[in-house]
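No letters, just coordinates:
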């Protein structure tokens, strides 16, 4: 297995911020006493600043080499001086034993500490993808100094020494970098550390403190929310008690195991919390509550409900716990409705998503009418792949899947002095990789589903477990590839709006994009004539049927805006997955590839439409960009193909509608828009797709200009339903509708017209509010 991969780093950015010259991948440095002193000085200066908020410098200072999965159970001991002979090199099958000489602190998304080996050499060390993530998605760095205090004994597998370009421009001051948390081992006692160094067993820890002292230390760590440290201490106590097999210590065992299960729960390690709490569920109500919460978050609300119903009668005399139990029971009942019937409170979810606070848990749902990840053979070329198949007839608007994000983040504010697009790419990558690593560490059972996703054009096999058989393999190269191949974009200003996720080089500086990975949604393949549409609401992704789908048909979504030309889509797909893109195999693209004339006509129409709608070009007539005879010939050619492939005819109708509106021919503009909207539905289906929304906005405008207010009202109601508009967002929605179709009704915005528009909106708003209530 590959233990190191190279990454392309935007050196312009690094030079812009650090004024660094390009460094070789591997080089040697000389360590002496002054090097260690410089490392201490730099660390102490940085520790005093304690810059916990986001620092672009830290995010962008990524190493060019990464640790891969563990490959040996008997690594060879090495020292910092040995590593200095090959900087930027992963020392596979080696292990480095260290002791911290400063308490750890957090900067950016890494935990930083100062370490010293047994020969006295000192370097700073950064731990990436190590910090636990709270339920609200924020890093759990509150108690990092208690998690890794001064004097902590460590072992680093596959050590990697890199130049400390984060804090210093000098390439002679190195630092250790640990990206893979499975490469880190923390010891509670020096004897265990020494024993492991000597080749002894590490599974039978030495306990120098007496049990009471260790319990006190564990309880203090638990109270300080240093849950990882608390877990290690409680586990040591339980191992010692199990070894003694003393029946008099039963109460202590229950206390330690209860707090251990609670620590696992707080860290999001629900599978371990469930296993731990199940052992003692009959001994105390707290253990039962922890077990119920773990089952709930593992997607087993029915089992959690049964536990809570039994527990509710036991905690009647404890108002605080009774209130917690009742609240969790309500969540379980809602999750059961979501899981079994796809019955989600969409309005409530949208409100939650718009607040940018902690998002509550929602259950996953899969319609019985679809099957995910089934083998499919493409008719056009016989290619075999996996996808989503309709196992029964599906109606337009049916919910097909709903799933919680495996990893989700949105871009923060970015300094406009730097290249925003490149910064966003690294921000997305660092945050998503961190979340994915933590999710795999916390939920090992999900590793198979995650690693089976496609990355860089190949299907990944199920991964083996590590030598400890405790956690799934954390392979950062594959994790990054899977995230980049399968991520979806979200407009975080409007949490329920899907966005085409452009390659980083094409992202505008102000794009308010969030990025997420949803396992079930990633199983849907792309089509330029999709029959389903994806809708994000916060960190929950819903996929609806956008048209009727017969049994035995593949269900596809669109990854990009399909109104673009074939050549544009082809180039966009080739940029997918960091340049390891794909060729679209949908019937529409197959038709254009096999018919040069139709393909050339499609390119011609799209080019003409871009020229006509460009703000920097002015034309008196549509004929200047595409003549009437040429439009007639193209329309005749595309009239012979299936309706859902008439993209160019749709564009011609819209171009003619714009021309009629500009000339003041309102009825002709209305007829052209109606024809375009009808074709657009055949091509893309309905629901909340962005192009469909634009079409309906234009239809409202032309009906208003033709004094057909009833028709405009009917379309506006449909659009409100598609967009799931909340009453407190209705004014913004009105503005959006007008701005999206300004070309059609711009000349008619006199006082009587605006009064009619206001009355129509009031009627729709009242009906919408009543329906929501």
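Here it is on my side, so go on. Everything numeric here is computed off the predicted structure, so don't read it as measured data. Numbers count the residues shown, from 1 in each chain.

Okay, helices next: where are they in the stretch 101-250 of the chain?
With DSSP state H, counting those that start in this stretch, the ranges of helices along the stretch 101-250 of the chain come out as 144-147, 190-197, 211-223, 227-244, 250-266.

Over to the stretch 301-450 of the chain?
Going by DSSP H, counting those that start in this stretch, the stretch 301-450 of the chain shows helices at 301-312, 319-341, 346-354, 420-442, 447-451.

between the ones you listed, which gets nearest to residue 91?
helix 420-442 (21.0 Å; CB to CB). C-betas here are computed from N, CA, C, even on glycine.

average model confidence for that closest one?
For helix 420-442, the mean pLDDT works out to 73.

Also stretch 750-768?
pLDDT averaged over stretch 750-768 gives 83.

one step back: dump the helices of the stretch 101-250 of the chain to TSV, plus mean pLDDT.
Shown next, in TSV, are the helices of the stretch 101-250 of the chain (pLDDT from 0 to 100):
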stretch	mean pLDDT
helix 144-147	81
helix 190-197	84
helix 211-223	91
helix 227-244	88
helix 250-266	93
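
circling back: among the helices of the stretch 301-450 of the chain, which comes closest to residue 377?
Here helix 447-451 is closest among the helices of the stretch 301-450 of the chain (CB to CB), at 23.3 Å.

Please tell me how far the closest one is from the chain's geometric centre.
Centre-to-centre, helix 447-451 and its host chain are 15 Å apart (CA atoms, centre = their mean, to the nearest Å).

For that helix, buried residues please.
447, 449-451 (16 or more other CB atoms under 10 Å).

Stretch 711-721 now?
711-713, 715-716, 719-720.

Contacts for it, please.
Residues from elsewhere that reach stretch 711-721 (CB atoms under 8 Å, 6 or more residues apart in numbering): 693, 696-697, 699-700, 703-704, 733, 737, 760-761, 763-764, 767-768.

Quick one: buried ones out of the residues you listed?
Buried among the contacts of stretch 711-721 by 16+ other CB under 10 Å: 693, 696-697, 699-700, 703-704, 733, 737, 760-761, 764, 768.

now these as CSV including secondary structure and distance to residue 113?
Below are those laid out as CSV (DSSP: H, G, I helix; E, B strand; the rest coil; distance: CB to CB, whole Å):
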residue, secondary structure, distance to residue 113
693, helix, 51
696, helix, 57
697, helix, 55
699, helix, 62
700, helix, 60
703, helix, 66
704, helix, 65
733, helix, 51
737, helix, 55
760, helix, 64
761, helix, 59
764, helix, 59
768, helix, 55
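
nearest spatial neighbour of the residue sitting nearest the centre point of the chain, skipping sequence neighbours?
When the chain is reduced to its mean C-alpha position, the closest residue under CA atoms, centre = their mean turns out to be residue 516, at 2.2 Å. Distances taken as CB to CB, 6 or more residues apart in numbering place residue 408 nearest to residue 516, at 3.8 Å, with adjacent residues excluded.

Let me see the contact set for the one you found.
Going by CB under 8 Å, 6+ apart, residue 408 touches 137, 432, 435, 514-517, 539.

And those residues, which is the shakiest by pLDDT?
residue 137 (56).

next one: stretch 175-185 to chain centre, how far?
Counting by CA atoms, centre = their mean, stretch 175-185 is centred 23 Å from the centre of its parent chain.

same question for that stretch, mean pLDDT?
On average, the pLDDT along stretch 175-185 is 88.

So for it, what gets flagged as buried?
Counting neighbours by 16+ other CB under 10 Å, the buried set in stretch 175-185 is 175-183, 185.

returning to that earlier point: can you lay out the helices of the stretch 101-250 of the chain as TSV showing distance to residue 36?
Below are the helices of the stretch 101-250 of the chain laid out as TSV (distance: least, CB to CB, whole Å):
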stretch	distance to residue 36
helix 144-147	22
helix 190-197	21
helix 211-223	30
helix 227-244	27
helix 250-266	35
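
The ones you listed: which one's closest to residue 640?
helix 250-266 (62.8 Å).

Now do the next helix or strand after the closest one: which elements does it pack against?
Next helix or strand after helix 250-266 toward the C-terminus (DSSP states H and E): helix 270-279. When contacts are defined as 3 or more CB pairs under 8 Å, 6 or more residues apart in numbering; DSSP states H and E, helix 270-279 packs onto helix 250-266, helix 285-297.

how far is the first one from where the chain is centred?
Remark: helix 250-266 is offset 32 Å from the chain centroid, using CA atoms, centre = their mean.

Can you point out the buried residues in it?
Quick answer for helix 250-266 (16+ other CB under 10 Å): 252-266.

now the last one
The neighbour-count criterion (16+ other CB under 10 Å) identifies 286-297 as the buried residues of helix 285-297.

Neighbours of residue 144, how many?
25 (other CB atoms under 10 Å).

Not counting its neighbours along the chain, what's nearest residue 649?
Per CB to CB, 6+ apart, closest to residue 649 is residue 638, 4.6 Å.

Flag the shaky bits of the stretch 301-450 of the chain, pLDDT-wise.
355-358, 380, 410-428 (pLDDT under 70).

doesn't residue 515 fall inside a strand?
Yes: judged by DSSP: H, G, I helix; E, B strand; the rest coil, residue 515 forms part of a strand.

Around it, count how many other residues there are.
Per other CB under 10 Å, the neighbour tally for residue 515 reads 26.

Might one say that it is in contact with residue 486?
No: contact criterion CB atoms under 8 Å: residue 515 and residue 486 do not qualify, at 10.7 Å.

Dump the buried residues of helix 447-451 to JSON lines, plus distance to residue 748.
As requested, these are arranged in JSON lines below (distance: CB to CB, whole Å):
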{"residue": "447", "distance to residue 748": "59"}
{"residue": "449", "distance to residue 748": "54"}
{"residue": "450", "distance to residue 748": "54"}
{"residue": "451", "distance to residue 748": "57"}
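
continuing past the host helix or strand of residue 535, what's the next helix or strand?
Residue 535 is part of strand 532-537 when elements are defined by DSSP H and E. Sequence order places strand 540-545 as the next helix or strand after strand 532-537, per DSSP H and E.

May I have the strands that pair with that next one, each with its orientation?
Sheet partners assigned to strand 540-545 using DSSP bridges are listed as strand 399-404 (antiparallel), strand 532-537 (antiparallel).

Name the stretch among those that sits most buried.
Greatest average neighbour count among the strands paired with strand 540-545 goes to strand 532-537 (a mean of 24), per mean count of other CB atoms under 10 Å.

quick one: that strand to chain centroid distance?
15 Å.

same question, stretch 694-705
With CA atoms, centre = their mean as the basis, stretch 694-705 stands 35 Å off its chain's centre.

avg pLDDT for it?
Mean pLDDT, computed over stretch 694-705, is 88.

residues in contact with it?
For stretch 694-705, contacts defined as CB under 8 Å, 6+ apart pick out 654, 657, 661, 666, 669-670, 673-674, 676-677, 680, 709, 711-712, 715-716, 718-719, 722, 736-737, 740-741, 744-745, 748, 753, 756-757, 760.

mind listing which of the residues you listed are in helices?
654, 657, 661, 666, 669-670, 673-674, 676-677, 680, 709, 711-712, 715-716, 718-719, 722, 736-737, 740, 744-745, 753, 756-757, 760 (DSSP state H).
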